[in-house]
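1. Could you look at this predicted model? Sequence included:
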Amino acid sequence: MLKGSQGLYAITDSELLANDKLLPYCEAALRGGAKLLQYRDKSQNHARRLREARQLAQLCQRYQAYLIINDDLELAAYLNVGLHLGQQDGSIAEARARLGEHAIIGATCHDSLQLAEQARSEGASYLAFGRFFPSQTKQDAQPADLSVLQSAAQRFNLPLVAIGGITLDNAQPLLHNGATMLAVVHDLFAQNTAAAVESRARAFAALFN
Ligand SMILES: Cc1ncc(COP(=O)(O)OP(=O)(O)O)c(N)n1
Ligand SMILES: Cc1nc(C(=O)O)sc1CCOP(=O)(O)O
Ligand SMILES: [Mg+2]
């Protein structure tokens, strides 16, 4: 489903997208060309998370994009959408068994080829490396060097996602070193209007042309 995919991977943020910005800003990111949209919400409000995730799933269908749920296997299974798991979020193998062979399941690999190999062996659909730059969204993210992308590109036949402090101005070297997708929160969604989000997304998407 995801093999050979490349492009912008938008990740939501409950603070940046508060005050009813979630749907208009995510639709703008999709209109601007985001290929994957990750719903990342750390609250315990399960009713709101289900409502918002269902709305985002409908949006992604309209724009032929893929919705990825962060952390929450049950929510991903309920909505029949993708899942992203970090090193503390449970087993890729169990998620693959639960979601089936066609689901997109991504893995956080930080700067480790060993974590990437483990994720690949358990059935991950993509491998995420980072952070490559200081992140305003996740200040405690573990740093990674560009060289891990070079090595991963030589070793794995999977989409390679770069994440962490990515902007239009610093993204090029990530692509030159093997990233096939750019996962972005702040530089995409920290805008005053939905139109500005669409324009930013188009600019990120143009990096892949
Ligand atoms: C595409 C992508 N890459 C990495 C992460 C980070 O996941 P994780 O380490 O589980 O941290 P949280 O995002 O859950 O705080 C991600 N979410 N998406
Ligand atoms: C969710 C996340 N994970 C990271 C990792 O390094 O695994 S960095 C990060 C936040 C990315 O947001 P921004 O584009 O605003 O830096
Ligand atoms: Mg997580």
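-> Thanks, I have the structure now. Numbers count the residues shown, from 1 in each chain. Ligands and ions are numbered 1, 2, ... in the order given.

2. nearest spatial neighbour of whichever residue of the chain sits closest to ligand 1, skipping sequence neighbours?
-> In the chain, the residue that lies nearest ligand 1 is residue 86 (1.9 Å; C-beta to the nearest ligand atom). Bear in mind the C-beta positions are built from the backbone N, C-alpha and C, glycine included. Of all residues not flanking residue 86 in the chain, residue 108 sits nearest, at 4.0 Å (C-beta to C-beta, 6 or more residues apart in numbering).

3. Where does that neighbour sit, in terms of helix or strand?
-> Applying DSSP states H and E as the criterion places residue 108 in strand 105-110.

4. what's the following helix or strand after that strand?
-> On the C-terminal side of strand 105-110, the nearest following helix or strand under DSSP H and E is helix 113-121.

5. Do a quick rundown of the helices in the chain.
-> Ranges of helices in the chain, per DSSP state H, are 22-31, 46-62, 73-79, 92-99, 113-121, 146-155, 172-176, 186-189, 194-206.

6. Could you give the number of residues near the residue of the chain found nearest ligand 3?
-> With C-beta to the ion, the shortest gap between the chain and ligand 3 falls at residue 86, namely 3.4 Å. Close neighbours of residue 86, defined as other C-beta atoms under 10 Å, add up to 14.

7. likewise residue 145?
-> When neighbours are defined as other C-beta under 10 Å, residue 145 has 12 of them.

8. re the thing from before, the strand holding residue 108 versus helix 92-99: what angle between them?
-> Strand 105-110 and helix 92-99 are oriented at 160 degrees to each other (axes from the mean of the first three to the mean of the last three C-alpha atoms, to 10 degrees).

9. strands paired with strand 105-110, and their directions?
-> Note on strand 105-110: by DSSP bridges, its sheet partners are strand 82-85 (parallel), strand 126-130 (parallel).

10. Tell me the predicted confidence for the closest residue to residue 94 other than its chain neighbours.
-> The shortest distance from residue 94 to any non-neighbouring residue, by C-beta to C-beta, 6+ apart, is to residue 73 (7.7 Å). pLDDT, residue 73: 98.

11. got the contact list for the residue of the chain closest to ligand 1?
-> Applying C-beta atoms under 8 Å, 6 or more residues apart in numbering, we find residue 86 in contact with 71, 107-108.

12. same question, residue 154
-> Contacts of residue 154 (C-beta under 8 Å, 6+ apart): residue 178.

13. rerun that using 10 Å as the cut-off
-> 113, 178 (C-beta atoms under 10 Å, 6 or more residues apart in numbering).
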